[in-house]
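Participant: here's a sequence, model it:
(2 chains)
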Amino acid sequence: MADDPLRKPGSASSLGAAGRYAGLGLQFAISIVFFLFVGQWLDGRFGTEPLFLYLGVFVGAGAAFYSMYRSLMADQRRDEEQARESEREGRGR
Amino acid sequence: MKIGPFASLLAAVLLAAAPLRAQEHAEAPASAAAAETAQAEKVDIITPHITDGNHMEVPWILPPFFKEITLPHFEPVHIGPVTLDLSPTKHVVFLFIGAILLFTLLTVSARRHARATRSGQAPKGGPNVAEAMILYIRNEVILPNVGHHGEKFVPYLLTVFFFILTLNLLGLVPFGSTATGNISVTATLAFLTFVTVEVAGIRANGWGYLNTLFYWNNDLPVVMRPLMFLIMSPVEMIGKLTKPFALAIRLFANMTAGHIVVLAFVGLFFGFAGTVLTFSSLVALAPITMAVLIMVLEIFVAFLQAFIFTLLSSVFIGQIREAHH
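Facilitator: From the prediction side, this is the model:
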């Protein structure tokens, strides 16, 4: 990639970064609903209504939030790495 | 009869705003509602245009200059318990038209481009346009986002870009139909991207690919590991599926919405024609102007959505290939 003479520094990547997080909202919603149904099923099994249903909502929201946090951190790490790499390249030239 | 649409619209508004009054005069709104449904059936120009079907209109030399043809029907194929109706529909026809058109245009362009390059000249016209678009998508969109050795994914992503672009634009020509305004088409395209992303992840990460599917964190206390595994693994998998789902919905909704807006403006023209008798053609100027402007916007949206689909596919491939970091 770096040895491609035609490649210029990315301009489309900022739009790509925005698109990367477009799925996160949906992931958040579906996670909550998924754990809500898991909780409902557990309640049905053990007759503990509505304990696990409520628990499921919070677990789903928490887990989705943690997953979002992880992906944001990973992206940040990657961006920093890329910045370092391009800095090295700039010095070498 | 000429004030039909307006009266029924008024009746509908009154019906919604004053249910008590409607109860008192039960008879009149009932007949107005019936007239409204009859009218709605008569003037529904939107649904047939945006939905799929086994009829399509083709240009014809005699008035009214179009002809409705019925597409052939094939016997359903039975594979085990599954029955598949493989008869072509309007959108299938446009998928094929798009594919053939694209194949012809791009192979001719490639050949002319190669000939111009051999003779030491810059390519002119079509090949030049194709070169500019291909190089922009390759160098600005695909390679920066996919990452190292992204060249392997260039053919697939360029194909997706040009195929979606052709289908989008085919929906804007007269007698055209937007195959990308069909959720099955966009879902299939998104599924292909999903498979590409996952295969790219498996090839780049090996067994490390399982880390993108399951969550196992060795930094946690031993008791917490299986608990977090059970909670986080479904979330990771849901996150995997929402990306192509959003891709499919985004393309489908954008292509469908634009057409509905244009057709609704064109529909206003017919609405006015029946009511504001003498000024009808003057009044119609407003919706027609809006329809034309939205149509221009649609051309932009056709490019934009093809671009977005390609860009996000590249981003997802790049994301999963770097997952082991």
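Participant: so whichever strand or helix holds B:S233, near chain A or not?
Facilitator: Here B:S233, judged by DSSP states H and E, is contained in helix B:224-275. Yes: counting by Cβ under 8 Å from any Cβ of the partner chain, chain A has neighbours in helix B:224-275: B:I231, B:M232, B:P234, B:V235, B:E236, B:I238, B:G239, B:T242, B:K243, B:F245, B:A246, B:R250. Any C-beta I mention is one placed from the backbone N, CA and C, and that applies to glycine too.
Participant: what are the boundaries of the helices in the stretch 101-250 of chain B?
Facilitator: B:126-136, B:143-146, B:154-170, B:183-205, B:210-213, B:224-275 (DSSP state H, counting those that start in this stretch).
Participant: can you pull the contacts of B:A264?
Facilitator: By Cβ atoms under 8 Å, 6 or more residues apart in numbering or on different chains, B:A264 lies in contact with B:I46.
Participant: name the helices or strands packed onto the longest helix along chain A?
Facilitator: The longest helix of chain A (DSSP state H) is helix A:51-92. Judged by 3 or more Cβ pairs under 8 Å, 6 or more residues apart in numbering or on different chains; DSSP states H and E, the packing partners of helix A:51-92 are helix A:24-46, helix B:224-275.
Participant: of all those helices, which lies closest to B:S119?
Facilitator: Ranking these by distance to B:S119, with Cβ to Cβ as the measure, places helix B:224-275 first at 40.2 Å.
Participant: can you find the helix or strand of the chain with the lowest average pLDDT?
Facilitator: No chain specified, so I'll use chain A. Ranked by mean pLDDT, DSSP states H and E, the weakest helix or strand in chain A is helix A:13-20, scoring a mean of 67.
Participant: right idea, wrong chain: chain B
Facilitator: Lowest-scoring helix/strand for chain B, mean pLDDT, DSSP H and E: helix B:19-24, at a mean of 36.
Participant: what helix or strand is B:T83 located in?
Facilitator: Take DSSP H and E as the rule and B:T83 turns out to sit in strand B:82-84.
Participant: direction included, what does that strand pair up with?
Facilitator: Strand pairing for strand B:82-84, determined by DSSP bridges: strand B:77-79 (antiparallel).
Participant: avg pLDDT for the strand it pairs with?
Facilitator: In this model, strand B:77-79 has a mean pLDDT of 83.
Participant: again with stretch B:238-254
Facilitator: The average pLDDT for stretch B:238-254 rounds to 90.
Participant: residues of the stretch 101-250 of chain B that sit close to chain A?
Facilitator: Residues of the stretch 101-250 of chain B lying near chain A (Cβ under 8 Å from any Cβ): B:135, B:138-141, B:143-145, B:147-150, B:231-232, B:234-236, B:238-239, B:242-243, B:245-246, B:250.
Participant: residue in chain B nearest to chain A?
Facilitator: Using Cβ to the nearest Cβ, the single residue of chain B nearest to chain A is B:P144, 3.4 Å away.
Participant: quick one: pLDDT of that residue?
Facilitator: Predicted confidence (pLDDT) for B:P144: 85.
Participant: now swap in A:D43 and tell me
Facilitator: At A:D43, the predicted lDDT confidence score is 92.
Participant: residues contacting it?
Facilitator: Neighbouring residues of A:D43 by Cβ under 8 Å, 6+ apart: A:E49, A:P50, A:L51, A:F52, A:L53.
Participant: okay, these in JSON lines with distance to B:I69, pLDDT and neighbour count next?
Facilitator: Below are these laid out as JSON lines (distance: Cβ to Cβ, whole Å; pLDDT from 0 to 100; neighbours: other Cβ atoms under 10 Å in any protein chain shown):
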{"residue": "A:E49", "distance to B:I69": "59", "pLDDT": "81", "neighbour count": "13"}
{"residue": "A:P50", "distance to B:I69": "58", "pLDDT": "85", "neighbour count": "11"}
{"residue": "A:L51", "distance to B:I69": "62", "pLDDT": "89", "neighbour count": "13"}
{"residue": "A:F52", "distance to B:I69": "58", "pLDDT": "89", "neighbour count": "21"}
{"residue": "A:L53", "distance to B:I69": "55", "pLDDT": "90", "neighbour count": "19"}
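Participant: between those, which is closest to B:G206?
Facilitator: A:F52 (37.4 Å).
Participant: and B:F300, what helix or strand is that in?
Facilitator: In this structure, B:F300 sits in helix B:285-321 according to DSSP H and E.
Participant: what residues sit buried inside that helix?
Facilitator: For helix B:285-321, the neighbour count (16 or more other Cβ atoms under 10 Å in any protein chain shown) marks B:287, B:290-291, B:294-295, B:298, B:301-302, B:305-321 as buried.
Participant: with stretch B:111-121 instead?
Facilitator: Within stretch B:111-121, the residues that count as buried by 16+ other Cβ under 10 Å are B:R112, B:H113, B:A116.
Participant: low-confidence ranges in the chain?
Facilitator: Chain wasn't specified; assuming chain A. Across chain A, the ranges flagged by pLDDT under 70 are A:1-19, A:91-93.
Participant: oops, I was thinking of chain B
Facilitator: Along chain B, the parts satisfying pLDDT under 70 run over B:1-43, B:271-281, B:324-325.
Participant: got the domain ranges for it?
Facilitator: Under the assignment automatic domain parsing, the domains of chain B span B:1-43, B:109-321.
Participant: of those, flag the one that's most buried.
Facilitator: Of the domains of chain B, the one with the most neighbours on average (mean count of other Cβ atoms under 10 Å in any protein chain shown) is domain B:109-321, at a mean of 18.
Participant: isn't B:T212 right up against B:I320?
Facilitator: Yes: using Cβ atoms under 8 Å, B:T212 is in contact with B:I320, at 6.2 Å.
Participant: list residues touching both of these two?
Facilitator: Common neighbours of B:T212 and B:I320 (criterion: Cβ under 8 Å, 6+ apart): B:G201, B:N205.
Participant: mind checking the SS state of the closest residue to B:W60 other than its chain neighbours?
Facilitator: Closest residue to B:W60 apart from its sequence neighbours, by Cβ to Cβ, 6 or more residues apart in numbering or on different chains: B:K67 at 4.1 Å. The three-state assignment at B:K67 reads strand, by DSSP: H, G, I helix; E, B strand; the rest coil.
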